[in-house]
Each structure stands twice: as C-alpha cells, then as structure tokens.
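Asker: Build the 3D model from these lines:
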Amino acid sequence: MQTGTSRGMKRLAGGAALAAAAAATVAMTMPATASAAPEVQPPTVVTAVDGNTLDITVTNPNVLNLLDAQSCGAVAFDATKLPAVLADPTVVLEPGFVAWATNPIERVVANAAGNAVKTFTTPELPDGAYAVLGECLSLTTVANPQTTMPQIVLVGGPLGGIQFGS
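Answerer: Numbers count the residues shown, from 1 in each chain. I've put the predicted structure just below:
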C-alpha cells in the first residue's frame, strides 16, 4: 500500500526530473559567453556508425557536486544545418530540427570519480551526413553549457539515397 508520503516523494522526484529536463533543453539552446568561467567541463563524445544508426558514447568528466549536479547529453542533426546552429543555437528546439537528442531523463549525471559514461543508440537515420554535439551543464550553469566541437559522421552508403531508374 502506498502512503501519502510515498506518493508525494514520487511526485517530487517526477517534478524534479521534469525541471532538470527543461533546464537541460534550455541549456542546449543558450550560447556560451566568453566572460563566464567554465565551472563545468564539456563531455567526451565518441560516435560510431553502425549501418544507419549512431552509437554515441557520452562521458561526463565532472565530479559529483550534490549542491550543483552536473549532467551531459548530445544531439545529432543533419550536418547541412550546422551553420544555422552556430548562428542561433535555439534552432535545436524547433520541432523536427534534430534527428536525435539525449532523452532529458537519461542524461549522464556526474559521479564521484568523474567518469560517468553512457552509450546511446539512435533510431535508424536516413543516409547522409550528421553533426553530433555534446554538452554538459549544471543547475547553476544552465545558461552557459560547455559544448564539444561538432563531429561530422556519414550514415549509410555514399549512394544509398540515390535511386537509379529501371
């Protein structure tokens, strides 16, 4: 039997997860400022192509801070859209802009050793070139996430998207 306290804790935990997810989504859209000291280190991101899916491994190098939790994630999008992201990072929030993004509740949360890691597999992607970016943020640096340089990866065969007549 579930007590009122148990239900309340579940609601609180669910609300905290949603708030963290919203913060992570907003953070991905905010450009980093040059004057801000990087309190959070960017992740290490390794991307491997497996047919038409990507295996994206995100390692969070930050050490757990219970007062300012740090988490990391990644996004993958059509590489031809990279100039738009560099000009205005908020475009990643537009419906259909990204091909894949880390689910906010699955972000890589820092651990005591500073080596938390997760591997994510995207759904099947159409043939083409994709840009993959990683980012880390904390509750106090939501407006200043630390990002990786974009990785450009090719998915599918070089002629996979071309149709030849019969």
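
Asker: Sticking with the spatially most central residue of the chain, tell me its helix or strand.
Answerer: The centroid of the chain falls nearest to residue 74 when counting by C-alpha atoms, centre = their mean (2.3 Å). If you go by DSSP states H and E, residue 74 is part of strand 70-78.

Asker: For that strand, name the packing helices and strands.
Answerer: helix 4-29, strand 53-60, strand 100-101, strand 108-109, strand 128-138 (3 or more C-beta pairs under 8 Å, 6 or more residues apart in numbering; DSSP states H and E). In this view, the C-beta of every residue, glycine as well, is placed from N, C-alpha and C.

Asker: re earlier: wait, what's in contact with the residue nearest to the centre of the chain?
Answerer: 43, 45, 56, 58, 101-102, 120, 132-135 (C-beta atoms under 8 Å, 6 or more residues apart in numbering).

Asker: could you redo the last one with a cut-off of 10 Å?
Answerer: Neighbouring residues of residue 74 by C-beta atoms under 10 Å, 6 or more residues apart in numbering: 28, 43, 45, 47, 54, 56-58, 98, 100-102, 107-108, 118, 120, 122, 132-135, 147-148, 151.

Asker: nearest spatial neighbour of residue 109, skipping sequence neighbours?
Answerer: residue 71 (4.9 Å; C-beta to C-beta, 6 or more residues apart in numbering).

Asker: What is the burial count for that neighbour?
Answerer: A count of nearby residues for residue 71, using other C-beta atoms under 10 Å, gives 27.

Asker: Quick check, pLDDT for it.
Answerer: pLDDT for residue 71: 97.

Asker: One more: residue 144?
Answerer: At residue 144, pLDDT is 80.

Asker: That one falls within a helix, correct?
Answerer: No - under the criterion used here (DSSP: H, G, I helix; E, B strand; the rest coil), residue 144 is coil, not part of a helix.

Asker: So what's the residue count around it?
Answerer: Residue crowding around residue 144 was assessed by other C-beta under 10 Å; the count is 19.

Asker: Then residue 154?
Answerer: 13.
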